[in-house]
Structures are given as structure tokens and as C-alpha cells.
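[1] just coords:
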């Protein structure tokens, strides 16, 4: 898949770093901005700024339908979540996948798997990767402290 326009669904230094890297690779770039925020470094770096509106910036930057709509509105092929909650949100990735927008990161299935440490451990162990001993392997509460 070829990406020509990247929306960064984050702000601050994280967004600025992602934007600089994307621009260095020839991508058109866009970043979110809450209506109550002042212009910041990421907004000056991006080729385009997409306004989002919710009661607070925190709510806006986690508003999955609004972010997906913003990506579609500007014709972004891909969305980079930056770091934080969206980068670990399988529902966000699934919403982008459903909208035909590439998520820069793991699939929704992988994020879902990694959110359950017991399932993730069993997954890699089954494939022959070494894992450290676990205190929850046999789920025996009487020996948990000793195993831990």
C-alpha cells in the first residue's frame, strides 16, 4: 500500500516528530487541533490542520468517530496515533480499517491480543518463544505469593 497523506492524531512534541519524519519521506501531512488550543509546533510543521471540537481537548483527541471523519474529510490514506491511548485502542484501529484508512501500527487483532497479557504470553509461548516464569500459570492462590 502506498501512503500519500498522513494524519497525526496527536499533538505536541510527539506529533511534531512524526510529522517531520513523514515530510522527510515526501508525505503530505495533517494534524489535529482542538478549537480551544493555540497553535503549537506541530501545527506549524503540518501541511494541513484539522480542527476537532468536543467539550475539552482530551475528549476531542480520543473521539474516534470524529478522528475517522477528519481523516476521510481531508483524504488521508493513513493515521498515526502518536503515543498514548489511541495507539493501544483496538476499537480505534478497527474503525479506521472499516473506513478504509490505514493505521500506522499493529492490527486491531494484535492490539487486542497484547492488551491481555495472559493471552499474549500463551500466544508467543505456543510459537516457541522463551517466556519468563509467571506467578499466574497455575492460578493457585495458596502458592501465588511464593511463585511471585
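    Received, thanks. This is a predicted model, so every value here is computed, not measured. Numbers count the residues shown, from 1 in each chain.
[2] Give me the phi and psi for residue 59.
    Here is the backbone geometry of residue 59 (degrees, to the nearest 10): phi -60, psi -40.
[3] burial count for it?
    13 (other C-beta atoms under 10 Å). Quick note: C-beta positions are derived from backbone N, CA and C, even for glycine.
[4] Number of residues surrounding the closest residue to residue 52 other than its chain neighbours?
    For residue 52, ignoring the flanking residues on the chain, the nearest one in space by C-beta to C-beta, 6 or more residues apart in numbering is residue 60 at 4.2 Å. By other C-beta under 10 Å, the residues close to residue 60 number 21.
[5] again with residue 110
    There are 14 residues near residue 110, going by other C-beta under 10 Å.
[6] Can you check the pLDDT for it?
    Note on residue 110: pLDDT of 92.
[7] For it, which three-state class applies?
    The local conformation at residue 110, judged by DSSP: H, G, I helix; E, B strand; the rest coil, is helix.
[8] Quick check: the residue nearest to the spatial centre of the chain vs residue 23, distance?
    Residue closest to the average C-alpha location in the chain (C-alpha atoms, centre = their mean): residue 87, at 2.2 Å. The gap separating residue 87 from residue 23 is 21 Å, by C-beta to C-beta, to the nearest Å.
[9] cool, residue 12 as well?
    Residue 12 sits at a distance of 17 Å from residue 23 (criterion: C-beta to C-beta).
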